[in-house]
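Participant: predicted coordinates and the sequence they were generated for:
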Amino acid sequence: MPLFFPKSYSVLNFKGGFKYTSDYTDLSDTETADALNVEYGPDGDITSRKGSTRILNEELLSTTGTTSRPITGHIYFNKLGGASSTLHVIAAGNSLFDYRETSKTRILSGLEDDSNTFWSFAQLQDPRSASDDVIFGVNGVNAPIAYNGSGTAIYVSAITSATQVPIGKHILGHQNRIYIANIVDSTDADSPVKVFRSEVGTDGAPNPHRFTESFFVGGSSPEGVIQGQMLLRDSIYYYLENAIYRFNPGIGDTSNLTKVKGNIGLMAPNSLVNTGNNHLFLSQRGVYSFDGTNVVHISEKVDTLFLDQSNRSQLKYAKGVYDFARNLYILYFPYGGSNRNDYAIAFDMRSLTWQPPITGRQVSFISNYMDSNFKRSVIYGDYFGYLYKDNNGLNDGIESGENHTVAAATTNTITVTSATFDQTNDGLKGQRVKIYDGTADGEENTIISNTSAVLTFENNWVNTPDTTSKFTLGGINKYWRSKDYSFNAEDLTKLFKELNIRCREEGRVNLDVHYIIDFNLIERATLKQLEMFKKGAVWDEIKWGEFRWGGFKIIRKKMFFRNTPEQKIYGHHIAIRFSNERAQERFKVNGFDMVVKEVGRR
């Protein structure tokens, strides 16, 4: 009699990315419709995303009070000429700040204090010194400002011979000229589609403080107002709400303006980014790519998130950035009924797929800066006036995360008697906490103050935590759920026997593995908690000289499926879910195998 062996089904290469669908049959073998805070790696693995760390633990406030104010603008000023320096120019509350790794300095106050009034900046030659440069900024309410990296910022109108300096919403520097678009002028009904351009003097030198030329972009009401302007190669493209125009700058010529596209435009001004070869932006119909001639809809797989699952009234304040190091377009937007950008989705330009959503952050502004290795990296500001380096470390917002069990709690506090929470400068204000087990499981909150043992939160808990509750400070809620596999036999009942997981050594990691049979609820699915560090190279777990350093160790874990009162191991479909919500722990899954025996129709 021949021997019978159960079949083994293998996942060897994760690809396809994230596809927001309610129908499991729409997914390929390694696509997912249900994942958070993980990334499909270029080498075919699933990796929990990296975190972020604060640049300076001191919040930015208005001069008029002590209430936290969101970041509403940022530019990285890599000062050329003069007293060379690098710094962040930050807008928050009613002020602009010179913001550095170890200090912050208010450089101008008395400005518009509105969380939805955003600043646009450009760097150009200083009109007072041909060997120096300066930052120009506009916000559509206050007069344009200038800052040369020292002392205080000034209004452009204060510069000698400044004239006709317009108030506008968007600013761009190109060929030693400043372009200010969407002008605020109550005497001109067409000013929202007007652009002012600074002049070149009769001596051929630029005068970026004198605006003596202007032109209009479109003007018909269905096209809407100017929402943004951005360079692509040597042309400036103007994005209206429902049209795109190309402007080819000439010497003294403001008539070279061509309509490129109609019936498509920019909905969220700060979603517009330049990848070098094209623009990406959020329109009324989803995310589009534009190469200067053609627009391509790239968000079909995730449009429901923007168009149906977001707060549409706040979607115009969505914020985008292009991560040059990882070739990702990242877009933060308000999810559900939120008024804050608390959800993000990233388009991977390497594989042309969407990565799973990013959560656990509240991003009021996002842009790029130059890191210490002279590479452009992502930086974001939150609604509490703090700035963060992205893709940095194992935790979100804090370098060293913590996991604790609650000793006591009230409607808006948690006490951990054995803790010694950081109280340096602003302490843990603005950091996020998530309950990952026990009462209030799944709830998140933001710290507004703390002592060494007590955390006080921005909002009341829906369910007050108790001594069964475990929480993480800085932990990233990361998981990936597979499709529901039928193994090409929808009508056959199977006996699900075992799962073999292949992981890379990522440090001291616990991996929570759920197996979900016949679309069972996650609360009733079977959970197996695996320690992924006993066989790996981990500090304090091995002895020097007993392990070869420098390589990645593959960890293989076998787990057997078992019956529980909530779930049997017989069924038609099975899904696998890998997760870890705790701080200081990151996982990388290379693949897995499932052993399944077909037992017929039941």
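Facilitator: Nice, I can see it.
Participant: residues contacting residue 20?
Facilitator: If a contact means Cβ atoms under 8 Å, 6 or more residues apart in numbering, then residue 20 has 33, 301-305 as its contacts. C-beta here means a position set from N, CA and C on the backbone, and glycine is covered the same way.
Participant: repeat that for 6 Å
Facilitator: Residues in contact with residue 20 (Cβ atoms under 6 Å, 6 or more residues apart in numbering) are 302, 304-305.
Participant: one more: residue 434?
Facilitator: Contacts of residue 434 by Cβ under 6 Å, 6+ apart are 444, 472.
Participant: what are the bridge partners for it, then?
Facilitator: On the basis of DSSP bridges, residue 434 is bridged to residue 444, residue 472.
Participant: quick one: it and residue 455, what's the gap?
Facilitator: According to Cβ to Cβ, to the nearest Å, residue 434 stands 12 Å off from residue 455.
Participant: now residue 16
Facilitator: Relative to residue 455, and taking Cβ to Cβ, residue 16 is found at 40 Å.
Participant: more neighbours: which of these two?
Facilitator: Shown here are residue 16 and residue 455; by other Cβ atoms under 10 Å, residue 455 has more neighbours (26 against 18).
Participant: and the strands in the stretch 401-550 of the chain?
Facilitator: Listed in chain order, the strands of the stretch 401-550 of the chain (DSSP state E, counting those that start in this stretch) span 402-405, 408-409, 413-415, 432-437, 444-450, 454-457, 470-473, 478-481, 493-504, 510-517, 526-531.
Participant: over to the stretch 151-300 of the chain?
Facilitator: 154-155, 168-174, 177-183, 194-200, 206-216, 226-232, 235-240, 243-247, 257-262, 273-274, 279-283, 286-290, 295-297.
Participant: mind listing what residue 453 touches?
Facilitator: Contacts of residue 453 by Cβ under 6 Å, 6+ apart are 415-417, 419.
Participant: run a quick neighbour tally on the residue lying closest to residue 409 once chain neighbours are set aside.
Facilitator: Counting by Cβ to Cβ, 6 or more residues apart in numbering, residue 409 lies nearest to residue 465, which is 4.3 Å off, once chain neighbours are set aside. When counting by other Cβ under 10 Å, one arrives at 26 neighbours for residue 465.
Participant: state the distance from residue 465 to residue 303.
Facilitator: From residue 465 over to residue 303 (counting by Cβ to Cβ), the distance is 37 Å.
Participant: and for residue 447?
Facilitator: 35 Å.
Participant: between the two, which has more neighbouring residues?
Facilitator: Shown here are residue 447 and residue 303; by other Cβ under 10 Å, residue 447 has more neighbours (22 against 16).
Participant: my read is that the more buried one contacts residue 455, right?
Facilitator: Yes. Judged on Cβ atoms under 6 Å, residue 447 makes contact with residue 455 at a distance of 5.3 Å.
Participant: comparing the strands of the stretch 151-300 of the chain by mean pLDDT, which bottoms out?
Facilitator: Note on these: strand 206-216 shows the lowest mean pLDDT, a mean of 87.
Participant: what comes up buried for that one?
Facilitator: 206-211, 213, 215-216 (16 or more other Cβ atoms under 10 Å).
Participant: what do you get for stretch 137-147?
Facilitator: Buried-residue list, stretch 137-147, by 16+ other Cβ under 10 Å: 137-140, 142, 144-147.
Participant: for stretch 369-378, same thing?
Facilitator: Applying 16+ other Cβ under 10 Å to stretch 369-378 flags 369, 377-378 as buried.
Participant: now tabulate the strands of the stretch 401-550 of the chain in JSON lines and tack on distance to residue 169 and mean pLDDT.
Facilitator: Listed next are the strands of the stretch 401-550 of the chain as JSON lines, based on distance: least, Cβ to Cβ, whole Å; pLDDT from 0 to 100:
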{"stretch": "strand 402-405", "distance to residue 169": "42", "mean pLDDT": "95"}
{"stretch": "strand 408-409", "distance to residue 169": "45", "mean pLDDT": "96"}
{"stretch": "strand 413-415", "distance to residue 169": "42", "mean pLDDT": "97"}
{"stretch": "strand 432-437", "distance to residue 169": "31", "mean pLDDT": "94"}
{"stretch": "strand 444-450", "distance to residue 169": "30", "mean pLDDT": "94"}
{"stretch": "strand 454-457", "distance to residue 169": "35", "mean pLDDT": "97"}
{"stretch": "strand 470-473", "distance to residue 169": "38", "mean pLDDT": "96"}
{"stretch": "strand 478-481", "distance to residue 169": "38", "mean pLDDT": "96"}
{"stretch": "strand 493-504", "distance to residue 169": "47", "mean pLDDT": "92"}
{"stretch": "strand 510-517", "distance to residue 169": "47", "mean pLDDT": "93"}
{"stretch": "strand 526-531", "distance to residue 169": "51", "mean pLDDT": "90"}
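Participant: would you mind finding the most buried of those?
Facilitator: strand 470-473 (a mean of 25; mean count of other Cβ atoms under 10 Å).
Participant: out of the buried residues of strand 206-216, the closest to residue 282 would be?
Facilitator: The closest of the buried residues of strand 206-216 to residue 282 turns out to be residue 216 (Cβ to Cβ; 24.9 Å).
Participant: pretty sure the closest one sits against residue 191.
Facilitator: No. Here residue 216 does not reach residue 191: they are 9.1 Å apart, not a contact under Cβ under 6 Å.
Participant: mind checking the backbone torsions on the residue nearest to residue 273 when sequence neighbours are not counted?
Facilitator: The shortest distance from residue 273 to any residue other than its chain neighbours is 4.2 Å, reached at residue 322 (Cβ to Cβ, 6+ apart). Backbone dihedrals for residue 322, given as degrees, to the nearest 10, come out at phi -110, psi 120.
Participant: gap between residue 322 and residue 274?
Facilitator: Residue 322 is 7 Å from residue 274, by Cβ to Cβ.
Participant: neighbour count for the two, which is higher?
Facilitator: Between residue 322 and residue 274, counted using other Cβ under 10 Å, the more crowded position is residue 322 (21 against 13).
Participant: what's near enough to touch that one?
Facilitator: Contacts of residue 322 (Cβ under 6 Å, 6+ apart): 273, 275, 329.
Participant: ditto for residue 366
Facilitator: 319, 321, 380.
Participant: 7 Å instead?
Facilitator: 319, 321, 332, 378, 380 (Cβ atoms under 7 Å, 6 or more residues apart in numbering).
Participant: could these go into a markdown table alongside secondary structure and distance to residue 477?
Facilitator: Putting the contacts of residue 366 into a markdown table (DSSP: H, G, I helix; E, B strand; the rest coil; distance: Cβ to Cβ, whole Å) gives the following:
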| residue | secondary structure | distance to residue 477 |
| --- | --- | --- |
| 319 | strand | 21 |
| 321 | strand | 22 |
| 332 | strand | 16 |
| 378 | strand | 20 |
| 380 | strand | 18 |
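Participant: and which of the residues you listed is nearest to residue 104?
Facilitator: residue 380 (16.6 Å).
Participant: what's the helix or strand for the residue lying closest to the closest one once chain neighbours are set aside?
Facilitator: Leaving out its chain neighbours, the residue that sits closest to residue 380 by Cβ to Cβ, 6+ apart is residue 366, at 4.1 Å. In the assignment (DSSP states H and E), residue 366 maps to strand 365-370.
Participant: how about the CA coordinates for that strand, as PDB?
Facilitator: The C-alpha atoms that make up strand 365-370 are tabulated as PDB, following Å, rounded to 0.1, in the frame of the first residue of the first chain:
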ATOM      1  CA  PHE A 365       2.700  68.400   8.600                       C
ATOM      2  CA  ILE A 366       5.300  66.300   6.800                       C
ATOM      3  CA  SER A 367       8.300  67.000   4.600                       C
ATOM      4  CA  ASN A 368      12.000  66.200   3.900                       C
ATOM      5  CA  TYR A 369      15.300  67.200   5.500                       C
ATOM      6  CA  MET A 370      18.900  66.400   5.000                       C
END
